[in-house]
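Novice: Structure for this input, please:
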Amino acid sequence: MTAPEAEEAAAPRASVGNSGAPVLRLEAWEGPLDLLLELARAQRVDLARISVAELTTQFVAVLDAAIARRTVPLSRLAEWTIMAAWLLVLRSRLLLPAGTAESAEAEREAADLRRRLAEREAARRLADWLERRPRLGREIFARGAAEPAASEAPAADVTELLRACLKLVELPVRERVYRPRPPLLWRTPEALAHIRALLPALPGGAALERVLPHAPAAADPALWRRSALASTLLAGLELSRDGALALEQGAAFGLIRLHPRPAAAGDDLPTADPAP
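Specialist: Numbers count the residues shown, from 1 in each chain. A predicted model of the protein is given here:
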């Protein structure tokens, strides 16, 4: 069997477990890689029965699959590689003959590796414990600063306080009431009187804008024009109801034209409403 065929045969058996570590299915072991390291640290698994070639093949298969899917972050892939490398180092050290200087060195390195793994596990558990603790400003909040004692507060001058209150009481009412000044607007009674005054000389078909008054100097031009246009339209409708005027608009939103109607004999135009 060629190398690609061996990788394809090992790929279906290599996967990622619930713990997030690769799951290896070897002849002497079946489970996640991180658990294998934990048992090796506690000397509860015989690494001599694990095939280095099978371990490497399955790990490379699951690593290539994770890289191809891009579902595992790069930091996690680095942890997998470190765990697999330490397993290979431990397994290769067991191939040395017993009773030699190399074997003793391998045992020391294995003990040092177990100590590092224990420290790494302790650091991980400590980090998890710190992560689960409530955080200041998120789950719990600090109490506010204590209020100063009564003796530390500056003493108030009661006489000056009463004098200030007396000045407020003595203020005239007109100085304490705010009355906004209403804007200058062209109102409907004024528009009625203005149109009635222009009716005798108003030609037929005159535009509504022709009877609009000029804005005073103190008025807002835009606001005055809007009020004059609305009031003049209402006044025209009122005169149309009385029969003194006819309004015509050729299209929707089109120009409005005024058509004066001649008064019948004996009919008088309504007088202007008195200004409010």
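
Novice: Where do the strands of the stretch 151-276 of the chain begin and end?
Specialist: Using DSSP state E, counting those that start in this stretch, the strands of the stretch 151-276 of the chain run over 206-207, 245-249, 256-260.

Novice: Show me which of the ones you listed has the highest average neighbour count.
Specialist: Counting by mean count of other Cβ atoms under 10 Å, strand 256-260 has the highest mean neighbour count of these, with a mean of 18. Every C-beta, even on glycine, is put in place using the N, C-alpha and C of the backbone.

Novice: So what are the sheet partners of it and their directions?
Specialist: Strand pairing for strand 256-260, determined by DSSP bridges: strand 206-207 (antiparallel), strand 245-249 (antiparallel).

Novice: quick one: average pLDDT of it?
Specialist: Strand 256-260 shows a mean pLDDT of 88.

Novice: Now render the strands paired with strand 256-260 as CSV, adding distance to residue 121.
Specialist: Formatted as CSV, those follow (distance: least, Cβ to Cβ, whole Å):
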stretch, distance to residue 121
strand 206-207, 92
strand 245-249, 88
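
Novice: returning to that earlier point: so which of the strands of the stretch 151-276 of the chain gets nearest residue 231?
Specialist: strand 256-260 (13.7 Å; Cβ to Cβ).

Novice: so which of the strands paired with strand 256-260 gets nearest residue 226?
Specialist: With Cβ to Cβ as the measure, strand 206-207 is the member of the strands paired with strand 256-260 nearest residue 226 (16.9 Å).

Novice: quick one: which of the strands of the stretch 151-276 of the chain is nearest residue 29?
Specialist: Of all the strands of the stretch 151-276 of the chain, strand 245-249 sits nearest to residue 29, with 93.2 Å by Cβ to Cβ.

Novice: For the chain, name the helix or strand with the lowest mean pLDDT.
Specialist: Taking mean pLDDT, DSSP states H and E as the measure, the chain has helix 3-10 as its least confident helix or strand, at a mean of 44.

Novice: Assign the most centrally placed residue in the chain to helix, strand or coil.
Specialist: By Cα atoms, centre = their mean, the chain has its centre lying nearest to residue 138, at 18.1 Å. Classification of residue 138 by DSSP: H, G, I helix; E, B strand; the rest coil places it in coil.

Novice: mind showing which ranges of the stretch 151-276 of the chain have poor pLDDT?
Specialist: Within the stretch 151-276 of the chain, the stretches with pLDDT under 70 are 151-155, 171-177, 263-276.

Novice: Next, work out how far apart the residue nearest to the centre of the chain and residue 121 are.
Specialist: For residue 138, the distance to residue 121 (Cβ to Cβ, to the nearest Å) stands at 27 Å.

Novice: thinking again about what came up before, can you put the strands of the stretch 151-276 of the chain in a markdown table and add distance to residue 59?
Specialist: Shown next, in a markdown table, are the strands of the stretch 151-276 of the chain (distance: least, Cβ to Cβ, whole Å):
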| stretch | distance to residue 59 |
| --- | --- |
| strand 206-207 | 91 |
| strand 245-249 | 86 |
| strand 256-260 | 88 |
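
Novice: and residue 215, which of these is closest to it?
Specialist: For residue 215, the closest of those is strand 206-207, at 17.9 Å, according to Cβ to Cβ.

Novice: Tell me how many other residues crowd residue 110.
Specialist: By other Cβ atoms under 10 Å, the residues close to residue 110 number 19.

Novice: Same check on residue 114?
Specialist: Residue 114, neighbours per other Cβ under 10 Å, totals 16.

Novice: Can you name every helix or strand that the strand or helix carrying it contacts?
Specialist: Element membership of residue 114, judged by DSSP states H and E, is helix 101-132. With contacts defined as 3 or more Cβ pairs under 8 Å, 6 or more residues apart in numbering; DSSP states H and E, the packing partners of helix 101-132 are helix 33-41, helix 74-93.

Novice: Point out the most buried one among those helices.
Specialist: helix 33-41 comes out most buried of the helices and strands packed on helix 101-132 by mean count of other Cβ under 10 Å, with a mean of 19.

Novice: residues in contact with that helix?
Specialist: The set of residues external to helix 33-41 that reach it, using Cβ atoms under 8 Å, 6 or more residues apart in numbering, is 19, 21-24, 29, 45, 47, 59, 80, 83-84, 86-87, 90, 113-114, 117-118, 121.
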